[in-house]
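Peer 1: Sequence and predicted structure below; questions after.
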Amino acid sequence: MTEPSIKDKDGISASITMTYIVHHVYAQGGTLGSTLDNLYAKFGYFASNNSYFVSPSPATTAAIFDRIRAPAYPVRCGSYSIKSVRDVTRGFDSEHGVSTLPVDASSNFIAFAFENGVTICLRASGTEPKIKYYAELKGDFTRRDQVEAQLQLVVDAFVDALLEPYRNQLVPRTG
């Protein structure tokens with residue numbers, strides 16, 4: 001949401017803001033491509049990888065989250081080290097002891113920060129039989145595809161180690 005007075009989750013205010021940005025960039029003789037290249041040079045490349053699995057039952061979803069938490073939170077996914085874990089459901093934060101975010105015991109939400117800069121948030125949908133993940137990485141690579149490739153490797157290791165799709169009969173998102 002780009003405008004705090006407009007409660008817009010559908011992106012209408014963002015599209016209006018983007019129209020203003022395009023107008024400004026072209027009025028200055030630039031292009032969106034050159035503007036993005038300048039931003040990447042200054043801040044680095046960013047990538048996100050968001051998806052979900054359909055769970056066969058609420059019991060399966062609960063069991064997956066319980067296994068992630070017990071007997072202790074994971075410290076690795078494959079060859080990737082986990083730097084910190086924040087469990088909003090239980091109010092746990094490995095960096096601060098207690099979560100600085102509001103605790104919501106009625107939901108399943110755990111965030112993982114990896115040593116290589118990847119963050120992955122895992123949550124159960126409250127309205128559908130889905131387990132969703134949101135992964136991102138800010139990379140200091142020379143090309144965006146390098147950031148995306150590194151992120152994909154971590155996501156694959158995360159999914160294999162923590163969600164175990166085959167064992168848990170999870171159905172990946174299609175389309």
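Peer 2: Alright, I've got the coordinates. Residues are numbered from 1 along each chain as shown.
Peer 1: alpha carbons only for contacts and neighbour counts from here, please
Peer 2: Fine.
Peer 1: same for the helix or strand of the chain with the lowest mean pLDDT, what does it pack against?
Peer 2: Of all helical and strand segments in the chain, the minimum by mean pLDDT, DSSP states H and E falls on strand 97-98, at a mean of 82. Under the contact criterion of 3 or more Cα pairs under 8 Å, 6 or more residues apart in numbering; DSSP states H and E, strand 97-98 touches no helix or strand at all.
Peer 1: Centroid-nearest residue for the chain?
Peer 2: Y134 (2.3 Å; Cα atoms, centre = their mean).
Peer 1: And the next helix or strand past the helix or strand hosting it?
Peer 2: Using DSSP states H and E, the element containing Y134 is strand 130-139. Heading C-terminal from strand 130-139, the first helix or strand you meet, by DSSP H and E, is helix 144-158.
Peer 1: chain center to whatever helix or strand comes next after that following helix: distance?
Peer 2: Counting by DSSP H and E, the next helix or strand C-terminal to helix 144-158 is helix 165-168. Relative to its chain's centre, helix 165-168 lies at 21 Å (Cα atoms, centre = their mean, to the nearest Å).
Peer 1: Show which residues not belonging to the least confident helix or strand of the chain make contact with it.
Peer 2: Strand 97-98 is contacted by residues G91, F92 when judged by Cα atoms under 8 Å, 6 or more residues apart in numbering.
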